[in-house]
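> what's the 3D shape of this:
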Amino acid sequence: IGMRTSTAASYSNNLTFNTNDGNEATVAIALRGTVRSEPTPTLYPEIDIAGVVHGQSTPIDLGVSPLNGQLSRTFTVRNTGAAALTISRPTSVPNGFELDWNVPSSLSPNTNGTFTIRVNTNSAGIKTGNFSIPNNDRDEGPFVFGLKATVQATATRPEIELVGASHGQTVPFGSVLKGSTPVTRSFTIRNTGNGPLTVARPSNVNGFTIGWSVPNTIQPGASHSFTVSLNTATAGSFSGNIVINSNDADEGRIQFGVAGTVVNPTPEIDIVGVTDGVGTTDIGSGYVGATVARTFTIRNLGTAPLTVQSVSTPSGFNVTGMPSQLAPNASAQFTVSANTCNAGTLGGWLRIRTNDADESTFDISLRAQVFALPTSNYGTVLSFQSVISSSGIMVVKHVRTYGGTGNNERIFADFYSSNGTLLRHDQSIGDHSRVGLHQQVTATALSNGSFAIGWVLKKYGGETEIRYGVMDAYGRSVGAADRQANIAFSQSLTSPSIVATSVGFDIRWRNTSSNTNWRRSFNFQGTALSGEIRI
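Next comes the predicted model:
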């Protein structure tokens, strides 16, 4: 038997049925039932704070902060219920805490707001207390939980910092002269901590002076400097450790080394271009009666005055201008000249005695060559020119030959080895069969050791030519003995000159009629490399 419940109401009726029972042919059952209407549900709000349980026994620990530090925590309030959550700003917070409130007064279901609790860190200690949030949650209103935070007092601690040296380092002061200005280094002590730093004056180190003006106490953030100087009154090598003691907990002893050398001033002789006792110095060559001399520069490269005590001059030489004393870094010049009264080769040792400790005698091997005035078996030498190459010496001579005057100016040369030995005398230069006067002779040494000779050939008709030849160091002609440099003919070619080049030489001349200058280039064999070029 079932009852319909689609409509709220109270129902009653009888259920009857017939049987063949003789006594109870009809059976009746009374039925009754009620269908009630569904009640309207009641809606409630529900407060929830993430990470916090209402009334929990353990306070929410916001952490630890130093004095005057920053410490806070932000909380989120959510309405997890089905009705609006009414929430009020707390009227107070525990002592030592501050509140930043950003929660609206009403939170709809499933909405939230935030608030921040900050710790007051102006004083040290453990801060605790209960925090209460008024609200209309039926079982958590107000919402209460405990707070805790710790503010630690900052320890007073000095911290030493040394600027200019590191612990265990050795500071070099170098090498200085005795009596010179002391070498001074500056150092700085800083207190980078937060407590007063006390320092003790370090002991002096032998050979050094400490300029100490650092106070016994250095306040936090302050710095003071001191100096260390290498004394120069006494020569020697000096070293030691400077120890600075302080109340720094982990660097109570800072130590650094100092080292320096004080040397006695010493003179040091030097003659420019000459090595003591090495090689031979050629002061030149010349003819009898000529001046053969060379000027030298003597320097004092040392640190004390250089005294020239004596000068020993070899026979045939003379020294002038030698200084008696040179200050440090000073220099002077002296001249060595050869006696040219007689022809021959001069040589010997020039010995300069000084107070230089390691070169008390500076020795120079000297050499000079004096030639007899050039002569010619063919006539009178009108003029001559000595030319020295890397291979030898050539004396080219302009000679007026004996006999008639029509063809009597010719060119000859004498050749000598580098040590002055005569190799060839009166070697003819050019083709003497050419009719005319060989004049205005010029010569130059070439970079390969040979010689180039140029001259003007003045023909009897007035025509002029620039002629040239190349000779080796033994007086042998290189190529044709007599060649023409100019291409165009003229009666006014004059003033030849020869300039050595890296590949040979240039001959230059002047044409006086056109007032022009010309040149032509040749190789070491005298072969032309160019035509006439106006310059």
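> can you tell me the strand partners of the helix or strand Ser225 falls within and which way each runs?
Element membership of Ser225 [criterion: DSSP states H and E] is strand 223-230. As defined by DSSP bridges, the strand partners of strand 223-230 come to strand 183-191 (antiparallel), strand 208-212 (antiparallel).
> looking at those, which is nearest to Ser450?
strand 183-191 (59.5 Å; C-beta to C-beta). Using the backbone N, CA and C atoms, a C-beta is placed for each residue, glycine as well.
> I'd like to know which elements the helix or strand following that closest one is packed against.
Downstream of strand 183-191, the first helix or strand assigned by DSSP H and E is strand 197-198. Applying 3 or more C-beta pairs under 8 Å, 6 or more residues apart in numbering; DSSP states H and E, one finds that strand 197-198 contacts strand 217-218.
> can you list the neighbours in contact with the strand it packs on?
158, 189-191, 196-199, 224 (C-beta atoms under 8 Å, 6 or more residues apart in numbering).
> got TSV for the residues you listed, with pLDDT and distance to Leu373 too?
Below are the contacts of strand 217-218 laid out as TSV (pLDDT from 0 to 100; distance: C-beta to C-beta, whole Å):
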residue	pLDDT	distance to Leu373
Pro158	93	95
Ile189	97	84
Arg190	96	86
Asn191	95	91
Pro196	94	97
Leu197	95	92
Thr198	96	94
Val199	97	88
His224	97	85
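> now, of those residues, which are buried?
Buried by 16 or more other C-beta atoms under 10 Å: 158, 189-191, 197-199, out of these.
> need the contact list for Thr154.
Thr154 makes contact with 66-67, 194, according to C-beta under 8 Å, 6+ apart.
> just give me the closest of those to Lys459.
Among these, and counting by C-beta to C-beta, the member closest to Lys459 is Asn194, at 109.0 Å.
> domains of this structure?
Domain segmentation of the chain under automatic domain parsing yields 160-263, 269-370, 374-534.
> ok so, going back, now for the buried ones among the contacts of strand 217-218, which pair is the farthest apart?
Arg190 and Thr198 (14.2 Å).
> check what pLDDT Glu159 gets.
On pLDDT, Glu159 comes in at 94.
> hang on, it packs against Ser246?
No - assessed by C-beta atoms under 8 Å, Glu159 is found out of contact with Ser246, at 9.5 Å.
> looking at those two, which has the bigger crowd around it?
Using other C-beta atoms under 10 Å as the criterion, Glu159 and Ser246 rank with Ser246 on top: 20 against 17.
> reformat the domains of the chain as TSV; add distance to Pro104.
Output for the domains of the chain, formatted as TSV (distance: least, C-beta to C-beta, whole Å):
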stretch	distance to Pro104
domain 160-263	44
domain 269-370	90
domain 374-534	99
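> for Ser92, find the nearest of those.
That would be domain 160-263 among the domains of the chain, by C-beta to C-beta, at 35.2 Å.
> quote the end-to-end distance of that closest one.
In domain 160-263, first residue to last residue: 36 Å (C-alpha to C-alpha, to the nearest Å).
> and that domain, how far from the chain's centre?
Relative to its parent chain, domain 160-263 has a centroid offset of 28 Å by C-alpha atoms, centre = their mean, to the nearest Å.
> stretch 428-445 now?
On C-alpha atoms, centre = their mean, the centre of stretch 428-445 falls 62 Å from the chain's centre.
> can you pull out the strands in the stretch 101-250 of the chain?
Using DSSP state E, counting those that start in this stretch, the strands found in the stretch 101-250 of the chain span residues 106-107, 112-119, 125-133, 143-152, 160-163, 170-177, 183-191, 197-198, 208-212, 217-218, 223-230, 236-245.
> so which elements touch the last one?
So that's strand 236-245. strand 208-212, strand 253-263.
> kindly report the same for the fourth one.
The elements that strand 143-152 packs onto, with contact taken as 3+ C-beta pairs under 8 Å, 6+ apart, are strand 47-49, strand 60-66, strand 112-119, strand 125-133.
> so which of those is the most packed in?
Counting by mean count of other C-beta atoms under 10 Å, strand 47-49 has the highest mean neighbour count of these, with a mean of 20.
> other residues contacting that one?
54, 75-81, 85, 87, 133, 135, 137, 140-141, 143, 145.
> then stretch 301-319?
Contacts of stretch 301-319 with the rest of the structure, by C-beta under 8 Å, 6+ apart, involve 177, 264-270, 283, 298, 300, 322-329, 334-339, 346-356, 366, 368.
> show me which positions of it end up buried.
302-304, 306, 308, 313-314, 316-317, 319.
> hmm, which two among these are most spread apart?
Thr303 and Gly316, at 36.9 Å, using C-beta to C-beta across the buried residues of stretch 301-319.
> can you flag the buried ones in the contacts of strand 47-49?
Buried members of the contacts of strand 47-49, counted by 16+ other C-beta under 10 Å: 54, 75, 77-79, 81, 85, 87, 133, 135, 137, 140-141, 143, 145.
> for Gln385, state which of those residues is nearest.
Nearest to Gln385 among the buried ones among the contacts of strand 47-49: Phe75, at 112.7 Å, using C-beta to C-beta.
> that closest one: what's it in contact with?
49-52, 114-117.
> again with Gly531
487, 520.
> let's see stretch 344-352 as PDB, backbone CA atoms only.
The C-alpha atoms that make up stretch 344-352 are tabulated as PDB, following Å, rounded to 0.1, in the frame of the first residue of the first chain:
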ATOM      1  CA  GLY A 344     151.400  55.500 -41.500                       C
ATOM      2  CA  THR A 345     149.000  53.500 -39.400                       C
ATOM      3  CA  LEU A 346     148.600  54.600 -35.800                       C
ATOM      4  CA  GLY A 347     147.200  52.400 -33.000                       C
ATOM      5  CA  GLY A 348     147.200  51.800 -29.300                       C
ATOM      6  CA  TRP A 349     145.100  51.700 -26.100                       C
ATOM      7  CA  LEU A 350     143.500  54.700 -24.600                       C
ATOM      8  CA  ARG A 351     143.000  54.000 -20.900                       C
ATOM      9  CA  ILE A 352     140.700  56.200 -18.900                       C
END
